[in-house]
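1. coords please:
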Amino acid sequence: MRIEAGRFTVRLAEDEADVAAAQRLRYRVFVEEMGAIPTPEDRAVRRERDRFDPYFDHLLLIDNEATDPDIERGVAGVYRLMLRERAQEGIGFYGASEYDLEKLLSYPRDSVELGRSCVDLEHRGGAGMHLLWTGLGEFVSTHDISILFGVASFHGNQIGPLSHALSYLHYNHLAPEDLRVRAVESSFVPMDILPEGEVDKIEAMKQIPTLIKAYIRLGGFVGEGAYVDHDFNTVDVCLIMDTSRMVQRYRAFYSRQRGGSVDRILG
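-> Below is the predicted model of the structure:
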């Protein structure tokens with residue numbers, strides 16, 4: 001898979017050097033920007049990595065005109081993608097450390113786990129981000145994927161400041177029962193923090209990160225319960241997207257051919 005558009009290219013990582021460049025972008029975003037705690041080994045090489053990386057496909061947004069030396073190999077955006085078949089044959093899903101994913105593992109249609117999505121600060125909200133989503137759509141189409149899911153994060157590890165956002169998601173976007181994964185019991189954090197009548201939707205939308213809002217607007221759901229990841233300095237929810245139940249705008253977006261226009265779905 002390879003998509004060219006202006007100064008940008010979207011493709012899958014082809015070698016270890018590509019993966020290392022993606023890990024260095026992740027380090028800048030997740031560690032230096034968001035406050036995740038790296039291992040001493042990762043700090044020494046400025047790479048955010050884990051034992052799951054060898055099992056994922058790494059989708060790269062490459063800025064062919066990048067001049068910033070920190071943007072190694074031009075890698076300005078990344079997604080990592082784990083097909084269910086590969087997870088079952090190997091290490092399993094990353095999200096299983098936070099959520100009971102049995103319903104997705106046994107679901108009759110194929111799924112893919114999305115994770116470690118990030119974009120360099122200077123490229124957020126522009127054409128490059130949209131192109132990365134186009135690449136994701138092509139990957140989904142190529143592999144005939146019906147269910148997309150993954151852990152998505154709120155910055156910071158305190159629940160109180162997110163009470164409107166988490167409560168709003170629980171009352172309005174909880175996944176249907178057949179897809180409703182649940183945070184692991186040992187770390188389960190209820191999301192219905194406020195009574196439904198006390199949730200301020202405007203305040204909730206201010207608290208919800210742009211990427212989560214984008215998926216919700218397209219018809220995505222959340223699993224039951226949140227998970228506090230102290231190492232990553234985040235509060236996590238599990239996002240689930242079923243292409244058969246999502247809005248027409250989603251299906252139109254992900255069925256586009258290469259080079260087609262892209263709606264502004266992230267703003």
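2. Show me where the stretch 1-150 of the chain has its helices.
-> Here the stretch 1-150 of the chain has its helices, by DSSP state H, counting those that start in this stretch, at 16-26, 40-45, 84-89, 102-105, 127-142.
3. What is the burial count for residue 34?
-> As a burial measure, residue 34 scores 15 neighbours (other CB atoms under 10 Å). Quick note: C-beta positions are derived from backbone N, CA and C, even for glycine.
4. For residue 171, find the nearest of the helices of the stretch 1-150 of the chain.
-> Closest to residue 171 of those is helix 102-105 (CB to CB; 20.8 Å).
5. low-scoring stretches of this structure, by residue?
-> For the chain, applying pLDDT under 70 flags the ranges 246-267.
6. Could I get the full set of strands for it?
-> With DSSP state E as the criterion, the chain has strands at 2-5, 8-12, 57-63, 75-83, 99-100, 111-119, 147-155, 182-183, 221-222, 227-229, 234-242.
7. possible to save the helices of the stretch 1-150 of the chain as CSV with distance to residue 69 and mean neighbour count?
-> Output for the helices of the stretch 1-150 of the chain, formatted as CSV (distance: least, CB to CB, whole Å; neighbours: other CB atoms under 10 Å):
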stretch, distance to residue 69, mean neighbour count
helix 16-26, 11, 20
helix 40-45, 16, 11
helix 84-89, 34, 16
helix 102-105, 40, 17
helix 127-142, 18, 20
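8. Select, out of the ones you listed, the one closest to residue 34.
-> helix 16-26 (10.2 Å).
9. dump the residue contacts of the residue lying closest to residue 88 once chain neighbours are set aside.
-> Excluding the flanking residues, the one nearest residue 88 by CB to CB, 6 or more residues apart in numbering is residue 105, at 7.0 Å. Neighbouring residues of residue 105 by CB atoms under 8 Å, 6 or more residues apart in numbering: 84, 88, 93.
10. Let me have the helices of the stretch 1-150 of the chain in TSV, extended by distance to residue 54.
-> Output for the helices of the stretch 1-150 of the chain, formatted as TSV (distance: least, CB to CB, whole Å):
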stretch	distance to residue 54
helix 16-26	8
helix 40-45	15
helix 84-89	11
helix 102-105	20
helix 127-142	18
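11. right, and those - which one's nearest residue 174?
-> Closest among those, using CB to CB: helix 102-105, at 13.5 Å.
12. Can you list the buried residues in stretch 5-15?
-> Judged by neighbour count (16 or more other CB atoms under 10 Å), stretch 5-15 contains these buried residues: 8-11, 13.
13. Contacts for it, please.
-> Residues from elsewhere that reach stretch 5-15 (CB under 8 Å, 6+ apart): 1-3, 19, 22, 57-65, 127-128, 131-132, 134-135, 139, 259.
14. what's the span of that stretch from first residue to last?
-> 22 Å (CA to CA, to the nearest Å).
15. same thing with stretch 177-187?
-> End-to-end distance for stretch 177-187, by CA to CA: 21 Å.
16. now it: how far from the chain's centre is it?
-> Put simply, stretch 177-187 sits 18 Å off its chain's centre (CA atoms, centre = their mean, to the nearest Å).
17. do stretch 26-42 as well
-> 17 Å.
18. can I get the CA coordinates of that stretch in PDB?
-> Taking C-alpha atoms only, stretch 26-42 is exported to PDB below (Å, rounded to 0.1, in the frame of the first residue of the first chain):
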ATOM      1  CA  ARG A  26       6.000   8.300  19.600                       C
ATOM      2  CA  TYR A  27       8.700   9.200  22.200                       C
ATOM      3  CA  ARG A  28       8.400  12.900  21.300                       C
ATOM      4  CA  VAL A  29       4.600  12.800  21.600                       C
ATOM      5  CA  PHE A  30       3.900  10.400  24.400                       C
ATOM      6  CA  VAL A  31       7.000  11.000  26.600                       C
ATOM      7  CA  GLU A  32       8.300  14.500  26.000                       C
ATOM      8  CA  GLU A  33       4.900  16.100  25.300                       C
ATOM      9  CA  MET A  34       2.400  14.100  27.300                       C
ATOM     10  CA  GLY A  35       4.500  12.900  30.200                       C
ATOM     11  CA  ALA A  36       4.600   9.100  29.800                       C
ATOM     12  CA  ILE A  37       7.300   7.400  31.800                       C
ATOM     13  CA  PRO A  38       9.900   5.700  29.600                       C
ATOM     14  CA  THR A  39      12.200   2.900  30.700                       C
ATOM     15  CA  PRO A  40      15.900   3.900  31.100                       C
ATOM     16  CA  GLU A  41      16.700   1.900  27.900                       C
ATOM     17  CA  ASP A  42      14.000   3.800  25.900                       C
END
